[in-house]
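*Asks:* kindly return the folded structure for what I paste below:
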Amino acid sequence: MARKEESTHRPTGGRMRLGASATQDTADKYDGYSATIASSSAQEIEEEEEERPGRFSITAPQELLDEIDAANMDEHQAAAERQSASQRPRHTQRELPATGSYAETVRKAQLDREEASLLAKLHQQAAQKAAAKPAPVKRKWDDQTPLHPSAADATPRRRNRWDETPADVHAGSAESTPRRARSRWDETPVGVHAVDATPRRAASRWDETPAHVDKAAVVAMPARAPAAMALRNRPLSDEDLDALLPAAGFTIVPAPSAYVPLRTPARRQQQQQMQQDAAVFHMGDAAGGPRHVLVASAEDAVAGGPGALPPMGPDDMQYFGRLLDGDAADDSAEDAAEKQVLRLLLRIKNGTAAQRKTAMRQLGERARTLGASAVFGQTLPLLMSPTLDPQERHVLVKVLDRALLRLGDASRPHVHRILVVVEPMLADAADRFAQAEARQVISNLSKAAGLAAMLAALRPDVDHQDAFVRRTTAHALAVVGAALGVPQLLPFVRALCASRKAALARQTGALVVQQTAVLLRSGVLPHLSSLVGCVAGALQDATPAVRTAAALALSSLAQSAAPYGIEAFAAALPALWTGVRQHSGRALAAFLAAAGHIVVLMDAEHAAQAVGRLMPVVLREFHSPDEHMRAVVLTVARRCIARPAALPRPTLVADVLPALFTCFWTRRAALRARTAAQVVGATEDLAVRVGAGAVVQRLVPLLKDEAADLRAMAATATARVLRAAGAGDVDARGEELLVDGVLYAFQEQADAAHSAALVDAFGAAVDALGERASPYLQQIASAVLWRLNNPAALVRQQAADLAARLAPAMHACGQDELLARVAVVLFEYLGEEYPDVLGSILAALGAVVSVIGVHAMQPPVADLLPRLAPILKNRHEKVQEACIDVVGRVADRAAAEVPPREWMRCCFALLDLLRAPRKAIRRAAVSTFGYIARAIGPQDVLATLLSNLKVQERQNRVCTTVAIAIVAESCAPFTVLPALMNEYRVPELNVQNGVVKSLAFLFEYIGPVARDYVWPVAPLLQDALTDRDLVHRQQAAAVIRHLALAVAGLGNEEPVLHLLNFLWPNIFETSPHSICAVLEAIESCRVCLGPARIMMYALQGLFHPARKVRDVYWRIYNMMLVGAQPALVAYYPRIEDEPAHAYRRYDLEYMI
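*Replies:* Residues are numbered from 1 along each chain as shown. The predicted model follows:
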């Protein structure tokens, strides 16, 4: 639309003429400008620009210009071809009407593009359907009024003028009145839906509501993912391989004969899907026809309902998946038995304790009914599962053990399968419990199946090529021999050792002898000669492995038979000495081990000869680089050193001692804990023979070695040598070197792992020197005090531990003033923040208090105890134990020097410590509580304790009852019993239970003193035994138990018998705790009253018509029979003689 000339605004649509002057003073400042927009603006502008000569215009021949135009055309076409589909429409888009804002114009253009795209998709779908269905059946809803009648008219034309009235491209005719382009949003669809005509966009599958939605199929969508993945990842079949690989040039390699493919049952995949979804439809295959099986989750199917099975894990489906297959009514008898065994095994493996106990009992009772095949066929594969944890394996082995006891000889066909499962457990050196369980199973299997079946199962493996199989077979044969008797197995072992065909069999026979000696220990003595005879000939076998195994067997036999049985080894000694001279390496180590154990059995004369033959070889092998050989020769050397007549002292000092320190006291040996222990032991044995002076002289330089492990090893050896041999032969120079060495090692130690060894060595050195250590104590104390101020917590802890260790020695040397100064410093460090360091400081303070006395303590105990009372609340066990010890020593020796208020504070803190997890802390708290109660009197303490009986926390009430009993023991029972019995009148169950429990602890602590208090407490116990509350009666029975044991033999039978009359009706209680308390009380009454009184009570119900009554009375009778069987003879009732039986007894029988 053209703008008016009267407008005061600057026109925006026109163009300023280039020749006009903008500064000309005229009436109209817009004179010379165009006031209208040309109808063909693009062409006119081009004409005007062509008419005006440009500043940079050039002229050229027409032929050259035509070539340039052709090249530009080709370039534009190539650029157009490179454009994407989203860029091309800008060349063909139509001009939009000039009405509306820019946002409306953009929105209209976007809607038109969406409409064109949707129409194209609809036409494409229609074309595809038409191609798929050549002759579709026409229906009435196929007739639709097209939204846009003319597809040709929908193609937009490019318009050149903006002020023209645009034609309606959808209607196909021009209109005089300008209006906006028609859009699908402005039309009312006709014929698409018959119900309403609400304008909406074209129908889409995402907008449609399906006529029928299968909810189960929707739920099953995630569950089909594993099946789809399994289908994609399935193994390639032969047909797939034939299609992928050409037939020529490839050969099908057959599978190995021993290969067994792992075939996962189909139900396992099904159960895995069941665990993923609560309810899933599983489609059957095409061959079986379509089927829909609604399977619940594993937890609902297995764990729901009464008597349900425990839940299964993913690994359990392979073994227990049959429990969820099909209907039990269709199973055969064999399948039903197997499923029943599987149910019981599932309860045993995954069930609760109650389910496991019930299932174990049921499986044991029904083992013969179910059959050995069903029991072993389901148990043994489960035992082979690699996912079993130790607890599950333990219960399953127990199942196998009980089944063997029940089945007996019915287990013979399954002996080999059982051994295959159990034998590997014998070689599990890391788990001793597994080895014991395997031995128990094989022992019971031997007793059930017999020797013939066991030998038939084990015989093929005695010459197996695998050493592991032979070793486990030998171990199993040894267990069989131990179970059935060595004499029954000896013929087979003798045949193995004498086998001429297989050297491996002879080696297995020697291993059987070795394992038998290890299992029987001293029980091998009756069969020693026979077993030695089996392996004596193998010492000269042509196979080195057989000779080595025979020597190891002799070593085990000699070690088990020590110190007896030297006569049995006489036949093997010549071959043994020959082997010691001829062999080397591992064989020589075996022969040396056997000779070393046999030397211990010899008398002095023969031992001297044997040691003379052994020691040159032993000293030579000290330099061996083989660790096994070094360990063996060190053991042999210790056994030879232990024979005084065999090696005199000069020989040990001249030959053995230098070789030992040269070859074994090395940094490499110190790094191995086992080797270090053996070296230290050998050094101690040598020091006992040659004296501590010579050994300490060689150990002192090692205390200053740079290696911390070697220093700790030397410190350990120094402590053991000084304790075993003393320091009597250590000269003055040796004393100085010893103290200097241990002090240097102590100061250089920075590792907490060796702190205890160094502190122990320091203490052992000072203790061994005794008064001779007095000149060095000042220097040692200065080092301790200086290190107590060290910023490192470990250094302070070491210093405090050393102070505690040296306190007795310093007191013995008369250095009490020095100890008092150390105590003052320790008192100043009671504010230590690290609990380990604080515990060491308190231990040192307690050691000082115990040696110098409480009265000589500096600072005074009146100042010490207020600092200790808050420390009692520390939760660290080391701090608690050390602090209780110090408080107890003060309360025992100087209670009057501390105000009662401080003792009450300590009492409240100690009350919480009565429930500490460590027994040592509880015992120390009990003793300290008694000391405090005795020091300040029972009144104040008892009032506080009785008020604690009303609290709700059970643990606090139990600790209070213990404290009341402690007060009664320390301050005499008559100071506590009146207040305690008066508190029983409070009508509150917790208080009454607490009083009765206090009485139980009281009579347990005071012992025979209770004879004066039986009648006073009898009415209270009578009321408690007739109370309705079960727990109350149970606690009263506990009181009678301790009371009857305390007054046994002291003339208090009448009140005890009176209480027994009230106790006896409680024998029919069903609660486990209650019936145990009642039976223990009756047993205590038997001790006090004699078995005759209890026998009179028991005879009333031994033959009662009710089984439950008889069971209780027979249980009591059995208890009496175990405890006092001889005393019951005189009290058996008289029974008249019968023709077939005589029940008469004579007077002599009363005394026998």
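
*Asks:* flag the shaky bits of the protein, pLDDT-wise.
*Replies:* Counting by pLDDT under 70, the low-confidence segments of the chain come to 1-101, 132-232, 260-308, 326-329, 1133-1134, 1144-1152.

*Asks:* in the longest helix anywhere in it, what's buried?
*Replies:* Looking across the chain with DSSP state H, the single longest helix is helix 102-132. By 16 or more other C-beta atoms under 10 Å, the buried positions in helix 102-132 come out as 108, 112, 115, 119. For the C-beta atoms, the positions are set from N, CA and C on the backbone; glycine is no exception.

*Asks:* ditto for stretch 1001-1011
*Replies:* Buried, per 16+ other C-beta under 10 Å, within stretch 1001-1011: 1001, 1002, 1003, 1004, 1005, 1006, 1009, 1010, 1011.

*Asks:* picking up where we left off before, how about the buried residues of helix 102-132 in JSON lines, adding distance to residue 790?
*Replies:* Listed next are the buried residues of helix 102-132 as JSON lines, based on distance: C-beta to C-beta, whole Å:
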{"residue": "108", "distance to residue 790": "87"}
{"residue": "112", "distance to residue 790": "88"}
{"residue": "115", "distance to residue 790": "88"}
{"residue": "119", "distance to residue 790": "91"}
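
*Asks:* what's the closest of those residues to residue 1140?
*Replies:* Using C-beta to C-beta, the shortest approach to residue 1140 within those belongs to residue 119, at 115.9 Å.

*Asks:* and the helix or strand where residue 634 lies, what does it pack against?
*Replies:* Secondary structure from DSSP states H and E places residue 634 in helix 627-641. With contacts taken as 3 or more C-beta pairs under 8 Å, 6 or more residues apart in numbering; DSSP states H and E, helix 627-641 sits against helix 585-599, helix 604-621, helix 673-690.

*Asks:* now the shortest one against helix 627-641, angle please.
*Replies:* Just to be clear, that refers to helix 585-599. Calculated by axes from the mean of the first three to the mean of the last three C-alpha atoms, to 10 degrees, helix 585-599 forms an angle of 20 degrees with helix 627-641.

*Asks:* show me what helix 585-599 is packed against.
*Replies:* When contacts are defined as 3+ C-beta pairs under 8 Å, 6+ apart, helix 585-599 packs onto helix 544-561, helix 573-582, helix 604-621, helix 627-641.

*Asks:* can I get the third one in CSV, CA atoms only?
*Replies:* Extracted C-alpha coordinates of helix 604-621, given in CSV (Å, rounded to 0.1, in the frame of the first residue of the first chain):
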residue,chain,number,x,y,z
ALA,A,604,72.0,-91.4,74.1
GLU,A,605,74.6,-93.7,72.6
HIS,A,606,72.9,-94.3,69.3
ALA,A,607,71.8,-90.7,69.2
ALA,A,608,75.5,-89.6,69.4
GLN,A,609,76.3,-91.8,66.4
ALA,A,610,73.4,-90.6,64.4
VAL,A,611,74.2,-86.9,65.1
GLY,A,612,77.8,-87.5,64.1
ARG,A,613,76.5,-88.7,60.7
LEU,A,614,74.0,-85.9,60.3
MET,A,615,75.7,-82.7,61.5
PRO,A,616,78.3,-82.6,58.6
VAL,A,617,75.5,-82.8,56.1
VAL,A,618,73.4,-80.3,58.1
LEU,A,619,76.2,-77.7,58.3
ARG,A,620,76.9,-78.1,54.7
GLU,A,621,73.3,-77.5,53.7
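
*Asks:* residues in contact with the closest residue to residue 533 other than its chain neighbours?
*Replies:* Nearest residue to residue 533, sequence neighbours excluded (C-beta to C-beta, 6 or more residues apart in numbering): residue 571, at 7.0 Å. Residue 571 makes contact with 532, 533, 536, according to C-beta atoms under 8 Å, 6 or more residues apart in numbering.

*Asks:* in which helix or strand would I find the second one?
*Replies:* Under the criterion of DSSP H and E, residue 533 resides in helix 528-536.

*Asks:* mind listing what's buried along that helix?
*Replies:* Within helix 528-536, the residues scored as buried using 16+ other C-beta under 10 Å are 528, 530, 531, 532, 534, 535, 536.

*Asks:* output the residues you listed in CSV; the columns should cover distance to residue 733.
*Replies:* Shown next, in CSV, are the buried residues of helix 528-536 (distance: C-beta to C-beta, whole Å):
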residue, distance to residue 733
528, 53
530, 60
531, 55
532, 53
534, 59
535, 54
536, 55
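
*Asks:* nearest to residue 316 among the residues you listed?
*Replies:* When the buried residues of helix 528-536 are ranked by distance to residue 316 (C-beta to C-beta), residue 531 comes first, at 46.3 Å.

*Asks:* kindly reformat the buried residues of stretch 1001-1011 as a markdown table containing secondary structure.
*Replies:* Converted to a markdown table, those look like this (DSSP: H, G, I helix; E, B strand; the rest coil):
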| residue | secondary structure |
| --- | --- |
| 1001 | helix |
| 1002 | helix |
| 1003 | helix |
| 1004 | helix |
| 1005 | helix |
| 1006 | helix |
| 1009 | helix |
| 1010 | helix |
| 1011 | helix |
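
*Asks:* strands of the protein, residue ranges please.
*Replies:* With DSSP state E, the ranges of strands along the chain come out as 279-283, 292-296.

*Asks:* hang on, the earlier thing: now for the helices and strands packed on helix 585-599, which one comes closest to residue 773?
*Replies:* Among these, the nearest to residue 773 by C-beta to C-beta is helix 627-641 (29.8 Å).

*Asks:* quick one: contacts of that closest one?
*Replies:* Contacting residues not belonging to helix 627-641 are listed as 585-586, 588-589, 592-593, 595-597, 599-600, 611, 614-615, 618, 621-622, 624, 646-647, 652, 656, 660, 663-664, 672, 674-675, 678-679, 681-682, 685-686, 689 [C-beta under 8 Å, 6+ apart].

*Asks:* quick check: buried residues in it?
*Replies:* In helix 627-641, counting by 16+ other C-beta under 10 Å, buried: 629-641.

*Asks:* try stretch 707-723
*Replies:* By 16+ other C-beta under 10 Å, the buried positions in stretch 707-723 come out as 708-722.

*Asks:* show me the two of the buried residues of helix 627-641 that sit farthest apart.
*Replies:* 629 and 641, at 18.3 Å, using C-beta to C-beta across the buried residues of helix 627-641.

*Asks:* what's around residue 1108, how many residues?
*Replies:* Residue 1108 is flanked by 9 other residues according to other C-beta atoms under 10 Å.

*Asks:* need the contact list for it.
*Replies:* Applying C-beta under 8 Å, 6+ apart to residue 1108 gives the contacts residue 1068.

*Asks:* what does residue 754 give?
*Replies:* Contacts here follow C-beta under 8 Å, 6+ apart; on that basis residue 754 touches 708, 709, 711, 712, 715.

*Asks:* follow-up on the earlier one: can I get the buried residues of helix 627-641 in JSON lines including distance to residue 746?
*Replies:* Below are these laid out as JSON lines (distance: C-beta to C-beta, whole Å):
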{"residue": "629", "distance to residue 746": "36"}
{"residue": "630", "distance to residue 746": "30"}
{"residue": "631", "distance to residue 746": "31"}
{"residue": "632", "distance to residue 746": "35"}
{"residue": "633", "distance to residue 746": "33"}
{"residue": "634", "distance to residue 746": "28"}
{"residue": "635", "distance to residue 746": "32"}
{"residue": "636", "distance to residue 746": "35"}
{"residue": "637", "distance to residue 746": "31"}
{"residue": "638", "distance to residue 746": "29"}
{"residue": "639", "distance to residue 746": "34"}
{"residue": "640", "distance to residue 746": "35"}
{"residue": "641", "distance to residue 746": "30"}
